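Trainee: Would you be able to build a 3D model of this:
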Amino acid sequence: MIQELEKEVPIDPRTGIIILFAANTAIFFNKSIYVEIAIIFSLAVLLVYSKCEMTALKWIICFAVVMILQYYIIPMLPEVIENLLLFMPIFFRKFFPCLMAASLMIKRIPAKYLVTAMQKCKIPWKIIVPLSITLRYFPTVKREIKYIKDAMKLRNIGRIKKLEGIIVSVIVLAAAASDELSAAAVTRGIENPCAKTSYIVLRFKVIDYVCIFIGLAFVLAIFIF
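Mentor: Residues are numbered from 1 along each chain as shown. Predicted coordinates for the structure are as follows:
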């Protein structure tokens with residue numbers, strides 16, 4: 001069982017939580033562009049290691065575009081427009097580390113492992129329950145939207161009617177999905193106050209210790225530089 005889990009999950013979910021907190025720290029306290037570039041590069045390498053190559057490439061391209069806008073294109077504009085637009089790339093750039101860490105957890109760490117990790121970290125169930133339902137909610141709605149689009153393509157529905165059909169269907173599906181997920185959580189005994197057990201076995205591997213060490217090193221570098 002442990003070998004199967006190691007193949008399915010690239011890093012321990014607790015490591016992902018630590019990386020996410022480190023990324024949030026980088027958002028609020030980092031002042032060095034070099035440290036920021038190193039953080040982005042490290043997260044991209046972790047995404048590649050987790051077999052999310054296209055996701056890593058997209059984030060690298062987005063970060064490069066924002067940097068070019070901030071340092072090369074916007075300074076060429078008139079001063080009034082420059083002052084109005086300069087905050088936008090700085091604002092978006094600050095969220096990149098957090099979004100990259102979150103995309104890794106969403107794409108490669110299933111919700112059941114994340115719930116077990118939060119339970120191991122002694123996080124209150126008042127946080128675990130809504131978060132676990134939220135993590136299952138959006139993939140469910142996304143899958144249903146794909147089915148709706150495929151059905152409309154088969155019926156050759158026009159763009160205006162397609163937009164109307166998608167909006168109405170999404171509203172109905174959103175309500176139905178929330179009811180189904182809530183019922184599934186109750187069925188699994190989520191309201192039972194007794195101590196929860198799990199068949200999932202989590203343990204740190206070498207890559208987890210490496211990621212935690214690098215994350216803590218970046219947090220220290222943020223306050224030093």
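Trainee: tell me, how many neighbours does residue 136 end up with?
Mentor: A count of neighbours around residue 136, defined by other C-beta atoms under 10 Å, yields 19. Using the backbone N, CA and C atoms, a C-beta is placed for each residue, glycine as well.
Trainee: hang on, isn't it packed against residue 111?
Mentor: Yes - at 5.5 Å, residue 136 counts as touching residue 111 under the criterion of C-beta atoms under 8 Å.
Trainee: How many residues are close by residue 40?
Mentor: Each residue near residue 40 was counted by other C-beta under 10 Å, and the total is 22.
Trainee: And it, its phi and psi?
Mentor: When read as degrees, to the nearest 10, the backbone of residue 40 gives phi -60, psi -40.
Trainee: Need the nearest residue in space to it, chain neighbours excluded.
Mentor: residue 63 (5.4 Å; C-beta to C-beta, 6 or more residues apart in numbering).
Trainee: Might you report the residue contacts of the one you found?
Mentor: Residue 63 is in contact with 40, 93, 96, counting by C-beta atoms under 8 Å, 6 or more residues apart in numbering.
Trainee: mind listing what the spatially most central residue of the chain touches?
Mentor: Centroid-nearest residue in the chain: residue 102, 2.2 Å away (criterion: C-alpha atoms, centre = their mean). Residue 102 makes contact with residue 20, according to C-beta under 8 Å, 6+ apart.
Trainee: Assign a three-state SS to it, would you?
Mentor: Secondary structure, DSSP: H, G, I helix; E, B strand; the rest coil: residue 102 is helix.
Trainee: gap between it and residue 219?
Mentor: Residue 102 sits 18 Å away from residue 219 when distances are taken as C-beta to C-beta, to the nearest Å.
Trainee: what would the contacts of residue 63 look like in CSV with pLDDT?
Mentor: CSV is the format used below for those (pLDDT from 0 to 100):
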residue, pLDDT
40, 91
93, 85
96, 89
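Trainee: Relative to residue 31, which of the residues you listed is nearest.
Mentor: residue 93 (12.6 Å; C-beta to C-beta).
Trainee: Neighbours of the closest one, how many?
Mentor: The local packing of residue 93 (other C-beta under 10 Å) involves 19 other residues.
Trainee: dump the residue contacts of it.
Mentor: When contacts are counted by C-beta under 8 Å, 6+ apart, residue 93 touches 36, 63, 66-67, 70.
Trainee: what residues are up against the residue lying farthest from the centre of the chain?
Mentor: Distance from the C-alpha centroid of the chain peaks at residue 78, with 36.8 Å (C-alpha atoms, centre = their mean). Residue 78 makes no contacts at all, as judged by C-beta under 8 Å, 6+ apart.
Trainee: Let me see the backbone angles for it.
Mentor: Main-chain dihedrals, residue 78, degrees, to the nearest 10: phi -50, psi 150.
Trainee: and the gap between it and residue 85?
Mentor: Taken as C-beta to C-beta, the span from residue 78 to residue 85 is 10 Å.
Trainee: What of residue 26?
Mentor: Distance from residue 26 to residue 85, by C-beta to C-beta: 24 Å.
Trainee: Have a look at those two and say which one is more surrounded.
Mentor: For residue 26 versus residue 85, neighbours defined as other C-beta under 10 Å are more numerous around residue 26 (24 against 14).
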